[in-house]
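# Please find the sequence and the predicted model below.
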Amino acid sequence: LVRLRERLARSGSPLGTRLLAVLSRDHLTEDDWDEIEETLLLADVGAGPTTELVDRLRERVRVLGVREPAAVRALLREQLLELVDPSLDRSLATTPGVADDGSPHPAVVLVVGVNGTGKTTTVGKLARVLVAEGRTVVLGAADTFRAAAADQLQTWGARVGVPTVRSDRDGADPAAVAFDAVSRGSAEGADVVLVDTAGRLQNKAGLMDELGKITRVLSRRAPVAEVLLVLDATTGQNGLNQARVFGEVAGVTGIVLTKLDGTAKGGIVVAVQRELGVPVKLVGLGEGPDDLAPFEPEAFVDGLLQ
Ligand code: GDP
């Protein structure tokens with residue numbers, strides 16, 4: 001897997017550049033503090049966390065009597081890291097379970113999010129990571145509203161060498177396709193079933209019904225182990241609104257932040273974790289099959305500050 005730090009550094013974060021420019025001044029004035037605050041806001045860290053960070057940083061700088069740019073920078077790194085919260089459990093629930101009757105069942109991972117955020121691509125990349133770890137995987141194409149979506153998933157499946165369960169007709173019941181995928185996974189003794197879902201946000205009640213039904217129907221075969229919400233890091237506040245809706249309807253257990261290679265607004269990590277109260281577990285760093293990485297708080301913060 002590519003190193004998050006290198007990739008973020010390559011995308012040339014103005015957050016880091018601007019912050020370091022301010023922090024290289026020997027004595028921070030009121031204007032400098034305003035500039036730090038503004039820079040964090042521009043990077044989508046969010047108003048609440050930004051105020052919190054700047055207040056704490058100022059306090060630490062004052063109490064410790066720190067003046068040197070390098071020392072202030074170290075304190076900033078410390079505060080940013082605290083906001084990202086390295087103590088959160090970012091592991092994926094991908095261990096097969098055992099049903100009441102003693103039979104094993106695959107770990108079911110539902111992947112949800114608005115169309116275009118990178119859901120299908122993420123499912124493909126994640127399948128590849130799991131296969132590389134020696135796990136057996138089945139894909140379920142429960143986005144049945146567009147045949148192209150199932151085709152795209154199937155292409156990923158073929159590329160990674162895992163089977164894709166899909167329906168032949170548009171508009172088939174997504175829950176039925178998901179159920180078939182988990183049934184196949186169970187029958188084949190697969191470790192993980194990754195289910196790609198449709199992401200139409202126009203109708204919140206409809207979305208809730210659909211995801212609720214998928215979860216209910218699947219629970220007859222296997223409980224859903226993980227619900228990953230895919231968010232596009234380049235969409236800023238809009239992404240936060242999506243997070244809010246999916247957080248309400250889908251019981252999200254982890255966030256995948258995609259397209260982090262195309263933005264310097266990495267601060268969205270902080271904002272979205274706050275919003276949902278669940279950790280960012282994976283990040284998308286490009287369109288290729290190897291461009292998915294576990295989210296590492298330390299590497300992320302270092303990348304932001306480069
Ligand atoms: P879906 O509609 O949510 O399933 O989204 P897709 O998986 O079809 O992705 C939409 C577009 O985003 C495609 O062109 C992908 O190649 C692209 N994409 C997905 N993830 C990433 C990423 O991490 N970085 C970049 N740069 N592009 C991505």
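Thanks, I have it.
# Check what contacts whichever strand or helix holds G48 and list those residues.
Taking DSSP states H and E as the definition, one finds G48 inside helix 47-64. Applying CB atoms under 8 Å, 6 or more residues apart in numbering, the set of residues contacting helix 47-64 from outside is 28, 33, 36-37, 40-41, 45, 66, 71-72, 75-76, 78-80, 83, 270-271, 274. No exception for glycine: its C-beta is placed from N, CA and C like everyone else's.
# mind checking how far that helix is from the chain centre?
From the chain centre to the centre of helix 47-64 is a distance of 27 Å (CA atoms, centre = their mean, to the nearest Å).
# same check, this time on stretch 177-188
What separates the centre of stretch 177-188 from the centre of its chain is 25 Å, taken as CA atoms, centre = their mean.
# List the buried residues for that stretch?
V177, A178, F179, D180, A181, V182, S183, R184, G185, S186 (16 or more other CB atoms under 10 Å).
# before we move on, what about stretch 280-293?
V280, K281, L282, V283, G284, L285, G286, D291, L292, A293.
# Am I right that the last one falls within a strand?
Put plainly, it is A293. Yes. Under DSSP: H, G, I helix; E, B strand; the rest coil, A293 sits within a strand.
# What's opposite it in the beta bridge?
Applying DSSP bridges to A293 gives these bridge partners: V283.
# excluding its backbone neighbours, what's nearest S167?
Once flanking residues are discounted, S167 sits nearest to V177: 5.1 Å by CB to CB, 6 or more residues apart in numbering.
# Now do the same contact list for that neighbour.
G140, A141, A142, T144, V165, R166, S167.
# Nearest to the ligand among these?
Of all the contacts of V177, A141 has the smallest distance to the ligand: 10.5 Å, by CB to the nearest ligand atom.
# hmm, back to that, of the buried residues of stretch 280-293, closest to the ligand?
G284 (2.5 Å).
# you'd agree that closest one is up against L126?
No. Judged on CB atoms under 8 Å, G284 makes no contact with L126 at a distance of 10.0 Å.
# what sits in contact with each of these two?
Common neighbours of G284 and L126 (CB under 8 Å, 6+ apart) are L292.
# Tally up the residues packed near R146, please.
Number of residues near R146 (other CB atoms under 10 Å) recorded here: 13.
# How about L20?
15.
# which residues touch the helix or strand hosting it?
L20 is located in helix 14-23, with elements delineated by DSSP H and E. Contacts with helix 14-23, where a contact means CB under 8 Å, 6+ apart, come from 28, 32, 35-36, 39-40, 42-43, 69, 72-73, 76, 264-267, 303-306.
# Taking those, please make a PyMOL selection of just the buried ones.
Buried members of the contacts of helix 14-23, identified by 16+ other CB under 10 Å, are gathered into one PyMOL selection as follows:
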select buried, resi 28+35+36+39+40+43+72+73+76+264+265+266+267+303+304+305+306
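# thinking V72 is in contact with V66, fair?
Yes. Counting by CB under 8 Å, V72 sits close enough to V66 to count as a contact (5.7 Å).
# still on that earlier bit, mind picking the two most distant members of the contacts of V177?
Greatest spacing in the contacts of V177, by CB to CB: T144 and V165 (11.4 Å).
# Can you name the next helix or strand after the helix holding L20?
Counting by DSSP H and E, what follows helix 14-23 is helix 30-42.
# ok now that following helix, how far from the chain's centre?
Relative to its chain's centre, helix 30-42 lies at 27 Å (CA atoms, centre = their mean).
# Please name the residues that touch the nearest residue to T164 once chain neighbours are set aside.
Distances taken as CB to CB, 6+ apart put G157 closest to T164, at 3.7 Å, once the chain neighbours are dropped. G157 makes contacts with G124, A127, L139, P163, T164, as judged by CB under 8 Å, 6+ apart.
# Looks like V230 contacts T122 (just checking).
Yes. If you go by CB under 8 Å, V230 and T122 touch, sitting 5.3 Å apart.
# Neighbour count: those two, which is higher?
The neighbour comparison of V230 against T122 (other CB under 10 Å) goes to V230, with 27 against 24.
# Determine the three-state secondary structure at that one.
With three-state DSSP as the basis, V230 sits in strand.
# Can you tell me which residues in the chain are near the ligand?
113, 115-121, 258-259, 261-262, 284-287, 291 (CB under 6 Å from any ligand atom).
# and if we set it to 5 Å?
The chain has residues 115-121, 258-259, 262, 284, 286-287 near the ligand, with proximity defined as CB under 5 Å from any ligand atom.
# with these in mind, which one is nearest to A148?
For the residues of the chain next to the ligand, the nearest to A148 is T120 (9.7 Å; CB to CB).
# And the strands in this structure, which stretches?
Chain-ordered strands for the chain, with DSSP state E as the definition, fall at 97-98, 104-105, 107-112, 137-142, 164-165, 192-197, 224-232, 254-258, 280-284, 292-294.
# Sweet, I'm off.
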